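> Need the 3D shape of this:
(one chain, ligands or ions: 3)
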Amino acid sequence: MFSSCRTCGTVFELRRVGESLSVIGGMGFTLQERQVLGIHGLLPPCYRDQDKQMQLIRLNIDKYQEPINKYTYLMGLLERNEKLFFRFLSENVEDMMPIVYTPTVGLACQNYGLILRNPRGLFITIHDKGNVLEILNNWPENEVKAIVVTDGERILGLGDLGAYGMGIPVGKLALFTVLAKVDPRQCLPITLDVGTNNQQLLDDPFYIGLRQRRVTGREYDEFIDEFMQACVKRFGRNCLIQFEDFGNHNAFRLLDKYRNEYCTFNDDIQGTAAVCVAGVLASLRATKTRLSDHLIVFQGAGEASLGIAELCVKAMKTEGTSDADARSKIWLVDSKGLIVKNRPEGGISEHKAKFAHNRAPIKTLTEVVKTLKPSILIGAAAIGGAFTTEILQTMAANNKQPVIFALSNPTSKAECTAEAAYTHTNGTCIFASGSPFPPFTHNGKTHYPGQGNNAYIFPGLALGVISAGIRHVDEDLFLLSAKVRLYCIKSYRIDLSSSKLAEPLLILRTLYPKTCWSLADIVTEKDLDMGSLYPPLKTIQDCSLKIAVKIVEAAYKTGIASVLPEPDDIEAYIKSLLYDYHYSPAIPKVYEWPTKL
Ligand SMILES: NC(=O)C1=CN([C@@H]2O[C@H](COP(=O)(O)OP(=O)(O)OC[C@H]3O[C@@H](n4cnc5c(N)ncnc54)[C@H](OP(=O)(O)O)[C@@H]3O)[C@@H](O)[C@H]2O)C=CC1
Ligand SMILES: CC(=O)C(=O)O
Ligand SMILES: [Mg+2]
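Ligands and ions are numbered 1, 2, ... in the order given. Sure, this is the predicted structure:
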């Protein structure tokens, strides 16, 4: 026998294991609930309210030394008691985000076969081709509004992890709820298993995916097409489909193929660009420069780097710089060296070619930095430690305040640590990283590195898209998100309702990135002095709501909202949709009759 109570936060399941009946869940049921539900006696007599349970979770979490054990414990909690899990994470974002997200989620993915207890999400394999809709129909929730999908080919900077990559959609969607209060029942993590080329996984006795090499070409494309169509059939046109950690060769072309047809976006290209450019623009306040004054070198020329590079071009153009001049200030290094025209080694895709300049090739990043003398150095190539002491010292020698972003995840892949960045630039650099680093004190000054991670964008964006029923994720929505994100850095001194944020999206279209420029003005000297280009994690939930409000307002103004009629009070409307992680009564309220009839 198996049953569950969906109205109560404490997941209520009666499971017959052999002949014994057990209640899966905590002791959050009151005596009355236990009697009405028929579970009285199946739990110890003690009643623990959610506050008490929170204390217990904290005690248990703190017992574990290793982050991976904390992750496993938390995933167990998610299985047992969803509301408690989300409350605990929501109220402990700063120390729990690095556990359920980067860096720990990377290690969890690498060991998924070992730590997986109850699988979460949908696994659709290439052998299900022709029947994808049937698999989606097996998902028990009908009101799915957001899907995060991966094919596991480029999991963080860890490469092809095949079906083990499921940890990423699960983690990203947990952040939808933790950071933007999207109802977890509206979220669906999906892994499209087309095989893996990772021999270690193919040999791993605990591997959970298909033991075959990746299917590519037409069969792959038809499979993804079928998946997209099936999602719309099952969950409607408004269902947001977030592509996450696809291999580079698929990510760009799938985005180009689907961006105008579906409610979809690629987080690694678009979300990353928004958050990184916001940080770069904020750094200009510290350096008191224009973006066009800078020369930017990227280590990596993939999804993240090219997305950011294109958005930087847009930002420079609003400063009056021509497209050609803007591109001439941006240089990218890939696995074959500096991207230059007619490079003998080749390997220059259509997207990279837009940044291929006329000059002799250079092989190493060290030589590139010494020769081109960039003022901004951005790493997104998953080569841990690529920003060597020599490179960092060269950046410091050539610039008063070098801007250094080590965006690769997880921490082991970061181009340098915060400590290395501050130490080898003698405390002069402006630093941000994809995975979190603790504050670092150098020569008596404490620096607080910001986390340049797309997690600052996608949860609020998703909440806005879901709330308004937006059918198409316009590029401008990212710009709007980036803009609000930066406003949120100092939202306590800005009246959002009367700010320029109320401008309709159409106006934004023409104003951006001029508008983006103004965002950098919001960061105070004190913030910059502390080294923070991004707001503290503890403000991220509030900011996600603000992003959503502005997206919904813009959606109604520009007619891209499909939820009608337009609510009078948009913020109140969004708040009414938000997930509440507190328990609701497990049994209906008892109405009292008047004493005198
Ligand atoms: N902070 C954040 O929010 C985000 C961080 N990231 C991180 O960025 C990293 C890269 O992701 P993504 O851009 O999507 O990956 P891609 O696979 O799309 O790109 C990787 C790039 O790195 C290049 N590369 C590989 N080896 C070297 C090398 N030795 N020297 C120089 N370049 C090299 C590749 O070159 P080639 O083209 O020749 O193969 C490619 O251009 C990952 O670690 C990921 O976790 C990604 C998204 C968001
Ligand atoms: C953060 C993220 O999306 C990545 O590293 O892939
Ligand atoms: Mg990603």
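> and residue 297, that one's in a strand?
Yes: secondary structure of residue 297 (DSSP: H, G, I helix; E, B strand; the rest coil): part of a strand.
> is it true that it touches residue 378?
Yes: between residue 297 and residue 378 there is a contact under Cβ atoms under 8 Å: 7.4 Å. In this view, the C-beta of every residue, glycine as well, is placed from N, C-alpha and C.
> who has more neighbours, these two?
Taking other Cβ atoms under 10 Å, residue 297 and residue 378 do not tie; residue 378 has more neighbours (29 against 23).
> and the nearest residue to that one once chain neighbours are set aside, bridged to which residues?
Sequence neighbours aside, residue 405 is the residue nearest to residue 378 in space, at 4.5 Å (criterion: Cβ to Cβ, 6 or more residues apart in numbering). In this structure, residue 405 has the following beta-bridge partners (DSSP bridges): residue 378, residue 432.
> how close does residue 405 sit to ligand 1?
With distances defined as Cβ to the nearest ligand atom, to the nearest Å, the gap from residue 405 to ligand 1 amounts to 8 Å.
> how many other residues sit next to that residue?
Other residues close to residue 405 by other Cβ under 10 Å number 30.
> pLDDT wise, what is it at?
For residue 405, the model assigns a pLDDT of 98.
> ok, now residue 447?
The predicted local distance difference test score for residue 447 is 94.
> mind checking the backbone torsions on the residue most central in space within the chain?
When Cα atoms, centre = their mean is applied to the chain, the residue found nearest the centroid is residue 455 (3.5 Å). Residue 455 adopts backbone torsions of phi -60, psi -20, taken as degrees, to the nearest 10.
> what's the closest non-adjacent residue to it?
Once its chain neighbours are removed from consideration, residue 455 has its nearest residue in residue 175; the separation is 5.6 Å (Cβ to Cβ, 6+ apart).
> how much space is there between that neighbour and ligand 2?
Computed as Cβ to the nearest ligand atom, the residue 175 to ligand 2 distance reads 10 Å.
> Secondary structure of that residue: a helix, I assume?
Yes: secondary structure of residue 175 (three-state DSSP): part of a helix.
> And for residue 243, the neighbour number?
Going by other Cβ under 10 Å, the residues that sit close to residue 243 add up to 24.
> Please verify my assumption that residue 428 contacts residue 396.
Yes: with contacts defined as Cβ under 8 Å, residue 428 counts as touching residue 396 at a distance of 5.6 Å.
> Could you tell me which residues touch both of the two?
Shared contacts of residue 428 and residue 396, defined by Cβ atoms under 8 Å, 6 or more residues apart in numbering, comprise residue 402.
> Wait, a strand at residue 188?
Yes: read with three-state DSSP, residue 188 is one of the residues of a strand.
> what about the strands in the stretch 101-250 of the chain?
When secondary structure is read from DSSP state E, counting those that start in this stretch, the stretch 101-250 of the chain shows strands at 122-125, 146-150, 187-193, 240-243.
> now, of those, which is deepest in the fold?
Ranked by mean neighbour count under mean count of other Cβ atoms under 10 Å, those are led by strand 146-150, which reaches a mean of 27.
> That strand pairs with which strands, parallel or anti?
Sheet pairing here is set by DSSP bridges, and for strand 146-150 it gives strand 187-193 (parallel), strand 240-243 (parallel).
> Any regions of the protein where pLDDT drops low?
For the chain, residues meeting the criterion pLDDT under 70 lie at 1-26, 479-525, 527, 586, 588-592, 597.
> and it, what are its domains?
Under the assignment the TED database, the domains of the chain span 50-262, 270-454.
> Could you give the number of residues near the closest residue to ligand 1 within the stretch 401-550 of the chain?
Scanning the stretch 401-550 of the chain for proximity to ligand 1 using Cβ to the nearest ligand atom identifies residue 434 as nearest, at 2.8 Å. Residues lying near residue 434 (other Cβ under 10 Å) number 30.
> one step back: columns distance to ligand 3 on top of the domains of the chain, output as TSV?
Compiled in TSV, the domains of the chain are given as follows (distance: least, Cβ to the ion, whole Å):
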stretch	distance to ligand 3
domain 50-262	4
domain 270-454	7
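> Not counting sequence-adjacent ones, nearest residue to residue 379?
For residue 379, the nearest residue in space outside its immediate sequence neighbours is residue 415; the separation is 3.2 Å by Cβ to Cβ, 6+ apart.
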